[in-house]
Structure formats: C-alpha cells, structure tokens
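J.: Make a model of this:
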Amino acid sequence: MHKGKEFVDTSSIAQAHQRINGWFSEAARDLPWRRPDATPWGIMVSEFMLQQTPVVRVLPVWHEWMRRWPTPALLAAEPSGEAVRAWGRLGYPRRALRLHAAAVTIVEEYDGAVPGSPEALLSLPGVGGYTAAAISSFAFRIPAVVVDTNIRRVHARLFTGNALPEPALTAAENALAADLMPADPEQANIWNAAVMELGALICTARSPQCMDCPVQDLCSWVAAGKPEPHYTPKGQAWHGTDRQVRGAIMGVLREAPVSVPRMDLVHSNGQAVPEVLLGEHFEPALAPESIGELAERRVVEAWKKLSALTADKKQRESCLEGLLRDGLAFEADGRISLHG
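T.: Alright, predicted model coming up:
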C-alpha cells in the first residue's frame, strides 16, 4: 500500500472498509440516482450534472430531465439547444452539449443502451476517466476505481495526514485509491459511494465534522493534530468575469421567445428590455395568460441581470463570440439563439 512514499497499515484499511461502508448503509442520503430503480442513463445524467455542482441544485433539474428524456434516444431526437435550455442555471452548459452528443453516440453505436465498461464509456463525448469509472461502478456494479474531489480529500486526511489533497490529481493518488479498493467487488462499489459521501457530509473541505466521523481514531490527519493545508486553495472569482457575462447572456437566450439581435446583447449594459422580447410573443393565443405572464417575467429578470453587469461592450462581445465558438449559441442574420 502506498502512503506517498510511506506504508499504509493494512489492518487500518480493513477497519476503514468496514466502518465507512457500515456508516454509509445508515447515513447515506436518499438520492434518486442511488435507488434500485435508477437506470444507467439516469445515473449517467446525474454524473454529468454533479460535476462541480451541488446536489441540491442538481435534484430538480435531474428530475425534469428524467421526466422529459428518460432514455438516451429521446434526448438524441431533440435539438442540442433543447438540452442547453433545459440545463437551466446549473452552470458549465457545455456539459449539456456533451451529454446530448453522448446520447447521440449511444443511439448510433450502442443501440440506445448506455455501455457498461469503462473502455466503452470513454468513447462517449464528455466522458473522462472519473465519469467512466463512476458510471461503471454505480450503474453496472463493475468495481472501477472512482476518484473525485471528496474521495481525494478523505484519502489525504485518513491515510497521508494531509489536510487537503494536491491541487491536481497525481499518479500517487490514483495508485493509493487503487490499493484501497476492497477485494470483494460489491464492497468495492459500496466503498466508492461511501467514501464520496463521507467527504461530502463529514470530511468536508472547510468545516470537517470529525466528532461524527466513523474513522476518526484511524485518521492520520487527526493523529497529527490537524495541521493546516500545505498550500492555500485558490477560490474561483465570479463577479466581473467572463463566466458571469457568459452565464447572463445564456440566461437571456434560454428565456427568450425569439432570437435576440446581436447588437442588443452587445450593447445591453444598462439598457431596457428590447421590445422584440416582449409583447406579442406572450399573447394568450400562444399560451394561457398566466403562463405567458410568467414567461415574460422570466425574460425581463434574465435581461435585468445581463443589463446590470459592469462588463463593457468589448467583454460582452468577446463572451458572445465564445458562446458561438463553443456551439452553445447560433447566429443567423445578426440574431442569436440557442441551437435548435
């Protein structure tokens, strides 16, 4: 067993397996993609959505996707812009494009069924090493080695004595994770989910609940006196960034009933909602009045967020061009919309 360059005691590992898996059986959150009736596709969708996004934000969007697209074929039959629109405010909307592309590949190359092996999963758009391992383990009970941020943090504290893992995943961490996998396949699959849950609920980055941890007495970090991290994690800026501007533009495009003139988006700083986005597009002839009023209000709210940003014309134009290059938006005759 590898503990950086040190040796990890095998008896401690056996105890950790038993205690953490036992804790998980009692304390695990009741999440829909963990239930017995969850499909491989539902689990795959959850893995895409949960990347850098908290569970509480994912749940309503996941439920809506499963209602609308319970199979890859149903999503693949829709324009990619519908996937982006339904992604809502989860952030990183390129994930929606990649998930749509993965659904198309599943239909075209795997007869509409999510493949089970990590190797086959890696052939799908948007599926990297972590996602392939997670789908294999959680959907098909194939004991692949799953390593995410929560798992890395638990491993670092429990077995190496560090407050946090390295900023980027290392080969040593992958080797340690592989060595820590239980020999029994089903216990290994439980271990993947259990360590991830322990990191999410107990062994958190900022305020770990050590008194509630089932392996506190085995923890190398606790034994060392809980030393401070050996580096200062860098937080992600938001206000004034291109990410904020891109998100605000996408918010308008998601809610807009028609394509939006490019010039309105580029010159949106402090501007009122363009007339083209209001009025006749929300007439009762198109929808019941209450629905029309709600839709118009959502457009207005989205526009106000974009208008209120301090970004200048140059930044807004640059962000819009980025969305077009990424395939998240489409331009025709000087008007911008989501694909589809």
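J.: drop to CA atoms for contacts and neighbour counts, all remaining ones
T.: Fine.
J.: Could you pull out the buried residues of stretch 159-170?
T.: By neighbour count, with 16 or more other Cα atoms under 10 Å as the criterion, the buried positions of stretch 159-170 are 159-166.
J.: Check stretch 260-271 too.
T.: Within stretch 260-271, the residues scored as buried using 16+ other Cα under 10 Å are 260-262, 264-266, 268-269.
J.: now swap in stretch 104-122 and tell me
T.: Buried, per 16+ other Cα under 10 Å, within stretch 104-122: 104-107, 112-118, 121-122.
J.: Can you list the neighbours in contact with it?
T.: 40-41, 71-73, 75-76, 103, 124-125, 127-129, 132-133, 135-136, 139-140, 142, 144 (Cα atoms under 8 Å, 6 or more residues apart in numbering).
J.: residue contacts, P93?
T.: Applying Cα under 8 Å, 6+ apart, the residues near P93 are 84, 87, 328.
J.: Before we move on, what's the pLDDT of the nearest residue in space to the first one that is not next to it in sequence?
T.: Read it as V84. Leaving aside its chain neighbours, V84 sits nearest to A96 (5.3 Å; criterion: Cα to Cα, 6 or more residues apart in numbering). On pLDDT, A96 comes in at 98.
J.: for L277, same thing?
T.: If you check L277, the pLDDT there is 84.
J.: Pretty sure it sits against A256.
T.: Yes - if you go by Cα atoms under 8 Å, L277 and A256 touch, sitting 6.3 Å apart.
J.: Tell me, how many residues neighbour A223?
T.: The number of residues packed near A223 is 14, by other Cα atoms under 10 Å.
J.: which SSE is G225 in?
T.: When elements are assigned from DSSP states H and E, G225 belongs to no helix and no strand.
J.: What is the burial count for it?
T.: Other residues within reach of G225, judged by other Cα under 10 Å, total 9.
J.: measure it to C219 for me?
T.: 10 Å (Cα to Cα, to the nearest Å).
J.: what's the spacing between the nearest residue to P182 once chain neighbours are set aside and I43?
T.: The spatially closest residue to P182, leaving aside those adjacent along the chain, is A188, at 4.8 Å (Cα to Cα, 6+ apart). As judged by Cα to Cα, A188 and I43 stand 18 Å apart.
J.: thinking again about what came up before, which residues are in contact with both of L277 and A256?
T.: Counting by Cα under 8 Å, 6+ apart, the residues touching both L277 and A256 are V299.
J.: If we ignore the residues flanking it in sequence, what's nearest R316?
T.: In space, R316 is closest to V266, 5.5 Å off (Cα to Cα, 6+ apart).
J.: which residues does the one you found contact?
T.: Contacts of V266 (Cα under 8 Å, 6+ apart): 313-314, 316-317, 320.
J.: And N192, by the same measure?
T.: For N192, the contact set (Cα under 8 Å, 6+ apart) comprises 137, 145-146.
J.: same thing with S137?
T.: 143-144, 146, 189, 192.
J.: which of those residues has the most neighbours?
T.: V146 (28 neighbours).
J.: Many thanks, we can stop here.
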